[in-house]
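> output the structure for:
(2 chains)
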Amino acid sequence: MPRFLRGGRSSLLMVLAGVLVSASLATGASAGDWPQFRGPNASGVAADATNLPVEFSATENVAWSKELGKGIACPVIAGGRCFSTALVGDQLFGIFCFDALTGKELWKKELKTGPLPDIMPPNEHASSTPVSDGERVYVYFSTLGMLAYDAATGKELWTSPIQQPFYLMGWGAAQSPILYQDMLIYSQDDDLDPFLTAIDKYTGKVLWRTKRPEMLGGYATPVMCTANGRTDLVVAGTGKMKGYNPATGEEIWTCNSLLRTIMTTPVVVDDRIFISVQSYGDTARVLKYALLQWKDTNQDGKLEKSELAKQFWTKFDKGDGDGDGFLVDDEIDAAFQAPTNMVGGGNIIQAIRGGGTGDVTDTHLIWNLDNSAPSNISSPLAVNGQLFLVKKGGISASFSTEDGSEVWDRRRIRNLGNYYASPIAGDGKIYVAGENGFVVVLQQGDKPKILARNDLRDSIVATPAIAENRLYVRTLKHLYCFKAGDGEPKAAAADSAE
Amino acid sequence: MLNSAWSFLHRTSKARFAALVVPAFLLVCSGIAATSSSAADPAGKAAEQKAAGGQQAAGGEPIHLVIGTPQGPTEQLAASEAESLLKHLFKVPVNTSASVPEKSSRLVVVGTAAANPGVKSLLGDRFPEDPGSQTIILRSFSDSSHSGVVVSGGSPAAVLWAVYELGHHFGVRWLPREDMYPVGEVALKLDGIDRVESPAAEVRGWELLGTSALGTTAWSLDQHRLLLGQLAKLRCNHVVLTVTDSQPFLDYEFLGQHKKTTGLFGGKNYSLEGDSPGRTAFPDERRLLNPDLPPTKDSAAALAAGHKFLSGLVQQAHLLGMTVELSIPLGHLPQEFRGVLYQAAPKEHARLLRTRLEAAVAACPEIDGLAVRLPENGTARSQLKQLGVLKLALSEGDALQKKDGTPLPLTVQHPHPALLPHLRDNLPAGAAISVLAGAPSGTEADATEAVESFTPDGIAARMTLPVAGPTFGMLSQFPGAEFESLVVRTSGKQWRGFVASCWMIGEIDLPVLWMFRTGFTPGQTLKEAHEDLFQSLTINPAATDRLWKGFQHIRSGEELLAGSVPALTVPQAAGAATGLIEQYFQPREQPADWEEAGKEYNAAFVEMYRARGPSHLRSKQFLFYYAKRSEFVVSWLAGAEALRKAAEARKADDLDTAIEQVDTAIESFYNALDTLGDVARTATDRAQIAVLNAELFRPLMALSDRLLEAADQ
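Modelled structure (predicted):
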């Protein structure tokens, strides 16, 4: 067997039954739910899950499955309902609600999207993960804004327009909202007008809106961190991890240790925030070099308006100091990257302590690794004192959450290809979904012990979900609910329900 | 249902397809009825909506389409296509009638003179006296009661081409895979059109099917129909169906031995089970197959399906005004016959050949011609011997006939350049030839020189023109500089035209568009055609310029890799007895130009992405394919280099390094195929993925296992 497919060197298992991460979210959803992107507090950890499936496929151990249409948003489960989205027509957005156990369709909405913007594959238009408190479900779509529905009936409760995001590189929207107490919180780090906002979850009224002018395009989902008796709203973005007062949106602290492009979401364990980032290029590669490589279409070494989308022309004018109609060198910086935040690329894995005030870079950065393990998109998983990472090529690595020391470094998990979905954990297992349609199941422990490699034969970009002691996997076109087998593989029709 | 033909086929459910009001037979042959640029393209749709608004402002006066009484299905199709085109372009009602209305300022009169008297009555003596069968006529007219344009031709096929040319006139760019309609409002200006043209190249053909999984053997009949529809828009008038005896088409018995082999892909099974990189391009398939020619052990059933398939192709081609030739190899026999004629006299060989020729006609009685292929890599001497057998075979029995009882024309394909001066004495009487020109197999210079100095001397001669560089399209491709001069030459007096040949459809939209337009009306250079095409697609001159630079990088990369050892071609084209893995895993010096070639392809990759960014939304997916194909090459070369290093390390007994390099190779090849899978758009793309999995990736995994076992010992 090829070296990279051999997995762990030892078959010794270390089954850890310790207390899983406690994710303290006040969403209103029940324990055991998976109410938002990557579950409770975006942790990727289902603390109470048991008897999760190890082996499954598109036809084995399928509790139910549905063909939905294209989408990469993660399924969410709250109050016994499973919500998912898809693009169901050329300009038609679908929102689905199923009985989480049986797959029975409870309701479905179809909304005209209007003209859709260009996006960069593998992004899809149905990309933002809904969030639910069990009574309502909230869905964001780039051309429609934020939408709220009654979770039981699908009745529309309110809509709230949100300015469409724009990305210099044309990536497209993919941010996901979260719930905290009675607020729906949404961060939109784009290259035009990045902001963080809280919306009254009952009425759709904007409670506060905080600009994040130092940020470039990115996709970190906000997380909550309680430290020193205070719960902060934490958002990772260009160069900086910031803590905000969730009640007001006021910035409380900043840790200026990150890189240029942040597409991963941090995870919180107790009062620690962990993040792993791969941002293209070295530390000197600030945004202007990327713009000159990809956006300077005529390659004359300067940017002109016609080389950028119209939405960026106001920023262009801001940077065009001499008014000659071109952006050169520092003018590009001035237009698009905040002078106080001129960070470049690289690789980092960091642990930051929450609960600080002001600039905490020198005081709260607990450990910082310059290590090539991080993916640019797949977020880290913190479970049982270990930080688990996976990136392109199926290369995994694990570090101690305590001090960043290596548990294992660069070990293959027997599945090549790209990784966009983030790993999740439950029932002593780690599930890692590859873009090639294989879901690798690992045993939690100090070695990358591979339990199974399950083939769903469809691209997977969405992070799977765990709820009701089942595994929910959204492939590019389908939604599957898997449950542990009872000794007999269960066949499922292409579109089935229990 | 405004969508490109291919994405239409891929995206539209059968039920939705069936619900369409357009007659099904027109759908499959009519690109216009089924295609457009805008369904997957909101900006294009918005532009069209704007265009519609503009026309409403102009009054929305309907166009009167006068079609006379179409003579036969091709002319009926031309009328239908004209209606679809006008509706699609101008977004105004189209009133179709048989005769010219009393008064109209928006008249479009379509048909031959025989079918539609209006074309003559409205043009008067401006209608050509005796238009040739391939002559197209596009002429505006105006009098006190009528104004508009006549769209006519010397035959139903020519009328069909004239309709498509009207589309080109109004900005539509017909491509091998899809249609690109102009962005924004199209002015409904029917005056000032005055074109009567006959083609410079009498034959403008295309090879279909092939001898391996590449070509179009994996394409279903419906996919072929769509391709034929696109080729008709390019005014292609001839198709060559290239088959081998081992495929499920020819059925014969000789000396008591019945032909048994019916494998479509040379008997190979290209599995997609397990982790086959790029398999996301095959969401529902476990192996590569042509759904209309499913593998079966029942040879009678396979042959029946094969005959039905050929018949479907011929019917479609005929509907589109094309002639069809069936091509069989002169020398290649199925395995079960290889010992039958051991040390036999030429007469026996001739008898077998005669049997095979008759089987070819029986397989597809509707064909318009038969072609026999001389081996591309054969020597002049061996080809001469085979021509002798051919003459003998044809001298036995009655002349081969078409279905209507007339003699079946014969074409001899790929004669060796050295034979060209001696063909008069060695060809069967009346046989035409098709010379393989610009051959990317290492004989390019010889072939080109021979073509340039060739004087047909009474032999009807055409060129087989590969639309590919030296890698046969396995890597991203752009034909070399000699391609341009050869295309122009096919319009010269000594040549009757060309048949385009390619292994991979790939990124050859531009060369194909240009060669077919040049074959009809010479004058435009490839660069000018590039600017015309890509400016209309990208709506961005700088992006158009970057794309040209990208194509030039590809051309440079291909030239650097020409003659490379190992050959970076599709496995079947390499002409080597060994598989790809054996060729790549050799301890040799890095080929001198690989590093430079890699830089060229990387530069192409950057240029394609760079061009994609500012381009119009409708062209982004199109350009994404080009970018991804270049990205594939970069990873592929990295894999090949790692495998070479692995072989060197193995030879030096450095097993750890060998294993490490094989791991690198596995990842590189995986990424390469995965990248192709992201954008695979035709059955040929999918076939490439399947073939490279079978010919390289899986053997590479096995090699890795062997090295690891060696390390454990």
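
> and for B:Glu336, the neighbour number?
Applying other Cβ atoms under 10 Å in any protein chain shown, we find 14 other residues in the vicinity of B:Glu336. Where C-beta positions appear, they are placed from N, C-alpha and C, glycine not excepted.

> distance check, the residue nearest to it when sequence neighbours are not counted against B:Asp194.
The shortest distance from B:Glu336 to any non-neighbouring residue, by Cβ to Cβ, 6 or more residues apart in numbering or on different chains, is to B:Lys260 (5.5 Å). Relative to B:Asp194, B:Lys260 is positioned 60 Å away (criterion: Cβ to Cβ, to the nearest Å).

> residues of chain A that sit close to chain B?
For chain A, the residues in contact with chain B (Cβ under 8 Å from any Cβ of the partner chain) are A:1-4, A:90-91, A:115-116, A:118, A:121-122, A:169-170, A:293-295, A:297-299, A:306-307, A:392-393, A:415-418, A:435-438, A:455, A:457-459, A:476-477.

> show me where the stretch 51-200 of chain A has its strands.
A:62-67, A:76-78, A:81-89, A:92-99, A:105-112, A:131-132, A:136-141, A:145-150, A:156-160, A:178-180, A:183-188, A:195-200 (DSSP state E, counting those that start in this stretch).

> give me whichever of these is most buried.
A comparison of those by mean neighbour count, using mean count of other Cβ atoms under 10 Å in any protein chain shown, puts strand A:76-78 on top with a mean of 29.

> which neighbouring elements make contact with it?
strand A:81-89, strand A:131-132, strand A:465-467 (3 or more Cβ pairs under 8 Å, 6 or more residues apart in numbering or on different chains; DSSP states H and E).

> run through who's touching that strand.
For strand A:76-78, the surrounding residues in contact (Cβ atoms under 8 Å, 6 or more residues apart in numbering or on different chains) are A:27, A:29-30, A:33-37, A:82-84, A:100, A:129-134, A:137, A:151, A:465, A:467-468, A:472.

> what does the model give the residue nearest to B:Glu336 for pLDDT?
According to the prediction, B:Lys260 has pLDDT 90.

> what about the residue lying closest to A:Thr197 once chain neighbours are set aside, how many neighbours?
Nearest residue to A:Thr197 in three dimensions, chain neighbours excluded: A:Arg209, at 4.4 Å (Cβ to Cβ, 6+ apart). For A:Arg209, the count of nearby residues is 12 (other Cβ under 10 Å).

> same check, this time on B:His224
Number of residues near B:His224 (other Cβ under 10 Å) recorded here: 24.

> local confidence estimate at it?
pLDDT, read off for B:His224, is 98.

> ok, now B:His422?
88.

> ok, it to B:Ala380 distance?
From B:His422 over to B:Ala380 the distance is 9 Å, taken as Cβ to Cβ.

> same check, this time on B:Glu197
Taking Cβ to Cβ, one finds B:Glu197 at 39 Å from B:Ala380.

> where does the chain have low pLDDT?
Chain wasn't specified; assuming chain A. A:1-31, A:487-498 (pLDDT under 70).

> my bad, the chain I had in mind was chain B
Looking at chain B by pLDDT under 70, you get B:1-59, B:438-450, B:571-578.
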